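Engineer: when you get a sec, could you give me coordinates for this:
(one chain, ligands or ions: 3)
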Amino acid sequence: MALLQMFLKLRGSAQSVTRAWGCAPAMVGSKRCQHTARQDTCNWQLLDDCFELRYGGLVMHFNYVWLRDHCRSASCFNSKTNQRNLDTGSIDLDIRPTKTRVDEENLFLTWPDGHITRYNLAWLVKNSYEGQKLSAIQPRILWNSEIYTNAKVPSVSWEKFMSCDEELKTFLNNFLLYGIAFVEDVPATIDATETVTKRVSIIRETIYGRMWSFTSDFSRGDTAYTKLALDCHTDTSYFQEPCGIQVFHCLRHEGTGGRTLIVDGFYSANKVLERSPENFELLSRVPIKHEFIENLGNHSNHMIGIGPVLNVYPWNNEVYMIRYNNYDRAVINTVPHNVVQRWYVAHRQLTDELRKPENELWVKLKPGKVLFIDNWRVLHGRESFTGLRQLCGCYLTRDDVLNTARSLGLQA
Ligand SMILES: C[N+](C)(C)CCCC[C@H](N)C(=O)O
Ligand SMILES: O=C(O)CCC(=O)C(=O)O
Ligand SMILES: [Fe+2]
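Structural biologist: Ligands and ions are numbered 1, 2, ... in the order given. From the prediction side, this is the model:
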């Protein structure tokens, strides 16, 4: 929590300075602002180290360098490319505006060189730390098996999915909210599986190939290539950037068992946060290693990924990635002995949550039913099985899935 406390402290000290700085012509101001339909009062003060703005129900604090840096005038910002022209390295780090003016919708600051910046007040609300802190980067519905089942998430079907953007949008909306989504009635081939994934994103080629198809032949040095049960886990936790999405399509299974286990890792992480913030903090602070060492036939690989089990945004504690794979977790040598015990306690609490039967969703994948899993959020596993079972799929690059979602107007 140290970093968060630092943030809060910094904000606290900014707030405690109430008298305005130097010899600015107008240091405190007030104006009735017409903002959309309602009347909003807009109050501002030039504080020592920031500009304080009260507007739209928020008290916001803007650093002066930030304000200069975010000038959207034609000379500072190219609105065609949405890129900054202004050289941030040229801003005086002690810069202060020399003049301040507010009208119904805008704040105007004049800088020492005479340059004037206009900020739309609604834009400031949206882009202030205080405004941002209130909202999640990615709105989600955390689920256990009952919540997911009761939600009756509409499934999408191959034909419509391939031809209709609205159907793709429905699918991506489900995927963003729940971290899993299905496409039904897909032809049971590797080619069709590839076609369906390419509708969503770019395939991420890895040491396992581009499209992969595997069975219990131990062709690779990993338990996935056996008939054994697998406890819930995230894949490629031994990559510096674990794969964003995993796609599974069971092309055939003649035998028993082999159901797929799916668990919302963020639901469990949230339970840990609610019950023990200290444990949550340990899991989000302590970096550990995952490792994949393969020496089998013509496959020789050594992958190492380092990072905490829970990756959170420091300003709102929102989890954005979980790395949890007890098979692939490497020797812990990044943690001092007095922290290790506490880390194991925290890890146990998360494990207990993940393994609660009510949090487990079990599905039998059948030919035709393609499952997309958010590998940064949802853990998967499987029941042991008998007989011939062939699974194909691939990994997708996360940025491109989110890019597709945003291009369809979804928040991602
Ligand atoms: C999916 N596919 C069979 C290609 C690879 C499986 C990788 C399994 C590995 N233990 C991990 O969790 O990353
Ligand atoms: O066989 C399965 O159902 C999944 C195995 C697995 O965890 C994987 O391939 O990543
Ligand atoms: Fe896996």
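Engineer: quick one, what contacts Val401?
Structural biologist: Going by CB atoms under 8 Å, 6 or more residues apart in numbering, Val401 touches Leu172, Phe175, Val200, Ser201, Gly244, Ile245, Ala412. Where you see a C-beta, it was placed from the backbone N, CA and C, and this is true even at glycine.
Engineer: can you pull the residues of the chain lying near ligand 1?
Structural biologist: The chain comes close to ligand 1 at residues Tyr208, Trp212, Phe214, Asp222, Ala224, His233, Asp235, Thr236, Asn325, Tyr327, Asp328, as judged by CB under 6 Å from any ligand atom.
Engineer: contacts only, for the residue nearest the centre of the chain.
Structural biologist: For the chain, the residue whose C-alpha lies nearest the mean C-alpha position (CA atoms, centre = their mean) is Tyr320; its distance is 3.5 Å. Applying CB under 8 Å, 6+ apart to Tyr320 gives the contacts Ile137, Gln138, Asn311, Val312, Tyr313, Trp376.
Engineer: just give the nearest non-adjacent residue to the first one, would you?
Structural biologist: Taking CB to CB, 6 or more residues apart in numbering as the measure, Ile137 lies nearest to Glu318, with 6.0 Å between them; neighbours along the chain are not counted.
Engineer: tell me how far the one you found lies from Leu350.
Structural biologist: 17 Å (CB to CB, to the nearest Å).
Engineer: what about those two, which has more around it?
Structural biologist: Neighbour count, other CB atoms under 10 Å: between Glu318 and Leu350, Leu350 has more, with 23 against 15.
Engineer: surely that one is within a helix?
Structural biologist: Yes: under DSSP: H, G, I helix; E, B strand; the rest coil, Leu350 falls within a helix.
Engineer: assess the claim that it and Phe266 are in contact.
Structural biologist: No: contact status for Leu350 versus Phe266: not in contact, 11.3 Å apart, counting by CB atoms under 8 Å.
Engineer: quick one, helices of this protein?
Structural biologist: For the chain, the helices defined by DSSP state H occupy 2-16, 64-69, 121-127, 129-133, 145-151, 158-163, 165-178, 190-198, 265-275, 277-285, 337-355, 398-407.
Engineer: with distance to Leu53 added, can I get those in TSV?
Structural biologist: Output for these, formatted as TSV (distance: least, CB to CB, whole Å):
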stretch	distance to Leu53
helix 2-16	12
helix 64-69	10
helix 121-127	6
helix 129-133	9
helix 145-151	40
helix 158-163	46
helix 165-178	32
helix 190-198	46
helix 265-275	32
helix 277-285	32
helix 337-355	40
helix 398-407	29
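Engineer: out of those, nearest to Glu104?
Structural biologist: Glu104 lies closest to helix 121-127 among the helices of the chain, at 8.5 Å (CB to CB).
Engineer: out of the residues of the chain next to ligand 1, who's nearest ligand 2?
Structural biologist: Ala224 (3.9 Å; CB to the nearest ligand atom).
Engineer: about what we covered before: and the residues of the chain next to ligand 1, which of them are in strands?
Structural biologist: Trp212, Phe214, His233 (DSSP state E).
Engineer: select from the residues you listed the one having the most neighbours.
Structural biologist: His233 (23 neighbours).
Engineer: okay, now the residue nearest to that residue when sequence neighbours are not counted: neighbour count?
Structural biologist: Once flanking residues are discounted, His233 sits nearest to Asn325: 4.0 Å by CB to CB, 6+ apart. Under the neighbour criterion other CB under 10 Å, Asn325 is assigned a count of 22.
Engineer: quick check: the gap between Asn325 and Leu350.
Structural biologist: Applying CB to CB to Asn325 and Leu350 gives a distance of 13 Å.
Engineer: and for Ser30, nearest residue in space, chain neighbours not counted?
Structural biologist: Asn43 (4.9 Å).
Engineer: thought Leu58 was touching that neighbour, still the case?
Structural biologist: No: the criterion here is CB under 8 Å, and Asn43 misses it with Leu58 at 11.2 Å.
Engineer: ok, Asn270 - contacts?
Structural biologist: Leu142, Val319.
Engineer: quick one: residues contacting the closest residue to Leu86 other than its chain neighbours.
Structural biologist: Of all residues not flanking Leu86 in the chain, Cys76 sits nearest, at 4.0 Å (CB to CB, 6+ apart). Counting by CB under 8 Å, 6+ apart, Cys76 makes contact with Arg84, Asn85, Leu86, Thr117.
Engineer: these in strands, which ones?
Structural biologist: Using DSSP E, those in strands are Arg84, Thr117.
Engineer: closest one of the contacts of Cys76 to Asn403?
Structural biologist: Nearest to Asn403, judged by CB to CB, of the contacts of Cys76 is Arg84 at 21.0 Å.
Engineer: so who does the closest residue to the closest one other than its chain neighbours touch?
Structural biologist: Nearest residue to Arg84, sequence neighbours excluded (CB to CB, 6+ apart): Phe77, at 5.8 Å. Contacts for Phe77 were tallied using CB under 8 Å, 6+ apart; they are Cys71, Gln83, Arg84, Asn85, Leu86.
Engineer: would JSON lines of those with neighbour count be doable?
Structural biologist: JSON lines is the format used below for the contacts of Phe77 (neighbours: other CB atoms under 10 Å):
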{"residue": "Cys71", "neighbour count": "21"}
{"residue": "Gln83", "neighbour count": "8"}
{"residue": "Arg84", "neighbour count": "14"}
{"residue": "Asn85", "neighbour count": "12"}
{"residue": "Leu86", "neighbour count": "17"}
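Engineer: what would these look like in TSV with pLDDT?
Structural biologist: Output for the contacts of Phe77, formatted as TSV (pLDDT from 0 to 100):
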residue	pLDDT
Cys71	98
Gln83	98
Arg84	98
Asn85	98
Leu86	98
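Engineer: what's the most distant pair in those?
Structural biologist: Cys71 and Gln83, at 13.4 Å, using CB to CB across these.
Engineer: interface residues of this protein facing ligand 2?
Structural biologist: Ala224, Leu230, Asp235, Thr260, His380, Arg382, Leu391.
Engineer: closest to ligand 2 among the contacts of Phe77?
Structural biologist: Nearest to ligand 2 among these, with distances taken as CB to the nearest ligand atom, is Gln83, at 39.3 Å.
Engineer: for that closest one, what are its contacts?
Structural biologist: Going by CB under 8 Å, 6+ apart, the list of residues near Gln83 reads Phe77.
Engineer: perfect, that will be all.
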